[in-house]
Structure formats: structure tokens, C-alpha cells
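Student: give me a 3D structure for the following:
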Amino acid sequence: MLKSLIVFLISALLILSCSKKDKIEATLEEGTIKEQMILAYKEGLESLEKGDALYASKKFNEAEILFPQSIWAPKSSVMSAYSLYYYNYYGDAIFQLERHLKNYPNDKNLAYVHYLIAICYFEKLSDEKKDLEPLIQTQKKFEYIINNYPNTDFAIDSKYKLDLILDMLAAKEMYIGRHYMETEKWIGAINRFKNVINNYDDTVYVEEALHRLVEIYYKIGLIDEAKKVAYVLGYNYESGKWYENSYRVFNKSYKKVEIDNKKKDFLLIKKFKSLFE
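Tutor: Numbering: from 1, shown residues only. Below is the predicted model of the structure:
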């Protein structure tokens, strides 16, 4: 009986000793991993300062993988994307940020992540001759930020960027519309210019869009339609150059005469309105 008790006690002590040893080893291992994570994060920062974006991103990803359950994991993920963005690897940065949204849906920095995605799209935009799709994607991203994070600094800047994007979208529509005019694809051109008038009425391109419609309608024989649009143009932009150009559509012999500005505007309006009497 005594021997059995001694065996039991020794076994229990061995089990407790092993359990304690495992905990100590686990603690030491966690400490080692944490040190490796800190080192990787530090190397990422140093590489970023030196301008080596790809290596910096790699080290931040390494830090994230080493300690995925820590508060440093989402920070490392964002820093990896930021490194790529900062040195103009916009496509790679977007991929990294989209991955972040999936892996850390409750991250406190989601507003910044969405904003950085929008900025990456914005930076990828080129001149007005290119495709509309990247602009539309960028517009949606900034609108998302404005609607979901309205009280942040990101929303304020997004509103400003959105105004620029609307101008760029209108410019692209005008470019395509002019191209259709050159190739005599009248329906396509009309639709483009109408889109500018209906959807981008706060941009500087509305005045020209109205004039282009006057030109097209007159060209294809829809004189009454041309006059209606010309009247809208005259009513809203009575002293603008496009108003004057539209007058020339109806009066080919018209020649600009340099006179007093107020008198010039009065005479031009009078001539233009007489066309519709």
C-alpha cells in the first residue's frame, strides 16, 4: 500500500514537473518569437527609410507571420502595404491592403486602410485619353470613405479628391465624345455629351458639352433641337466663348469684332436670341 502511494506521488511530481517545464519552454519560445518579430519589424522600418520598399514590405510581412495573434500583426500588415505605396508599387499595395481587410475585419485602422486603397487607385490615374474604369473604381472608393467614415480627416480629403475625379471623368467623356464626332459616330457622341451635362454639371466641361450638342444636331439636320440646346447654352453661359461658337453654327458669316465688353455681350445675346424668334 505504501509502495503504491510512493509510486503515485512520484508520478504526480513527474507530471507536474513536465507540465511546468512545458510552460517554461513555451514562455521562452514565445519570448524568442517576439524578439524575432520585433527585429523583423525594426529591419522593415530601416529598409523603408533607406528606400528599399520591397525588402521593407517583406520584413513587415515576416513580422506579421511570426506573431499573428499579437497587436503587431495588423500593424505590420499595414506597414507592408504602406512601404509598397510609398515607393509607387500601387498594384502590389492594393493587393496587400485588400488582404488586410479580409484578415483583420475588426482592425481599428480600417478607415486608413480604405483611404490608402483609394489613394493608390488615384495615383494610378493617367491622362484623359485612357480607360474610364480606373477612375470609376477610384470614385467608388472615395465615396465609400465619405459615407462610412464621415467624421474623419480621410473623409475631408476624399471630398476634395472626389471633385478632382469628377472633373477627370467629365474630361474623359468629352475626349471620347470628340473622338466620336471626328469619326461621325453621332449617337455615341450625343450620349457622351449628354452624360457630361446630366452627371457632371458642376464641372467646367458642361459649357463645351452643350456647344458640341448644338454642332451635332445642326450637322445631322435636327435644327430645332440645335436651337433648343443653344438657348440653354445662351441662358446659362451668355458671355462665354462656347456661346459665341454656337452662334457661328447658325450664322457662318459672323466675325468677332473687338468692342466694349458690356456692349459686345449685349449685341451677341441679342443676335443669338433673334434666331429663335
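Student: so for stretch 173-190, what gets flagged as buried?
Tutor: 173, 174, 175, 176, 177, 180, 181, 189, 190 (16 or more other Cβ atoms under 10 Å). Heads up, the C-betas are built off the backbone N, CA and C, glycines and all.
Student: and the contacts of that stretch?
Tutor: Applying Cβ atoms under 8 Å, 6 or more residues apart in numbering, the contact partners of stretch 173-190 are 128-129, 132, 192-193, 195-196, 200, 205, 208-209, 212-213, 215-216, 219-220.
Student: tell me the mean pLDDT for that stretch?
Tutor: Per-residue pLDDT values over stretch 173-190 give a mean of 94.
Student: ok, now how distant is residue 35 from residue 61?
Tutor: Distance, residue 35 to residue 61, by Cβ to Cβ, to the nearest Å: 18 Å.
Student: these two - which one has more neighbours?
Tutor: residue 61 (20 against 11; other Cβ atoms under 10 Å).
Student: next up, the contacts around the more buried one.
Tutor: 76, 77, 80.
Student: tell me, what residue is most central in the chain?
Tutor: residue 138 (2.6 Å; Cα atoms, centre = their mean).
Student: quick check: that residue vs residue 104, distance?
Tutor: 23 Å.
Student: quick one on the thing from earlier: check the buried residues of stretch 173-190 and tell me the two furthest apart.
Tutor: By the measure Cβ to Cβ, 175 and 190 form the most distant pair in those, at 15.3 Å.
Student: output the below-cut-off pLDDT ranges for the stretch 151-277 of the chain.
Tutor: Filtered on pLDDT under 70, the stretch 151-277 of the chain yields the residue ranges 239, 252-277.
Student: at 50 what do you get?
Tutor: Applying pLDDT under 50 to the stretch 151-277 of the chain flags residues 254, 257-260, 262-264, 266-277.
Student: can you map out the helices along it?
Tutor: 153-182, 186-199, 206-219, 223-236, 241-250, 261-274 (DSSP state H, counting those that start in this stretch).
Student: reformat these as a markdown table; add distance to residue 85.
Tutor: Shown next, in a markdown table, are the helices of the stretch 151-277 of the chain (distance: least, Cβ to Cβ, whole Å):
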| stretch | distance to residue 85 |
| --- | --- |
| helix 153-182 | 15 |
| helix 186-199 | 30 |
| helix 206-219 | 34 |
| helix 223-236 | 42 |
| helix 241-250 | 40 |
| helix 261-274 | 49 |
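Student: out of the contacts of residue 61, which are inside helices?
Tutor: 76, 77, 80 (DSSP state H).
Student: isn't the last one up against residue 65?
Tutor: So that's residue 80. No. Applying Cβ atoms under 8 Å, one finds residue 80 not in contact with residue 65, separated by 10.7 Å.
Student: which one's more surrounded, the two?
Tutor: residue 80 (28 against 12).
Student: separation between that one and residue 183?
Tutor: Taking Cβ to Cβ, one finds residue 80 at 47 Å from residue 183.
Student: now swap in residue 81 and tell me
Tutor: With Cβ to Cβ as the criterion, residue 81 and residue 183 are 43 Å apart.
Student: repeat for residue 197
Tutor: From residue 197 to residue 183 the distance is 21 Å (Cβ to Cβ).
Student: low-confidence bits of the stretch 1-150 of the chain, can you list those?
Tutor: 2-3, 5-30, 128.
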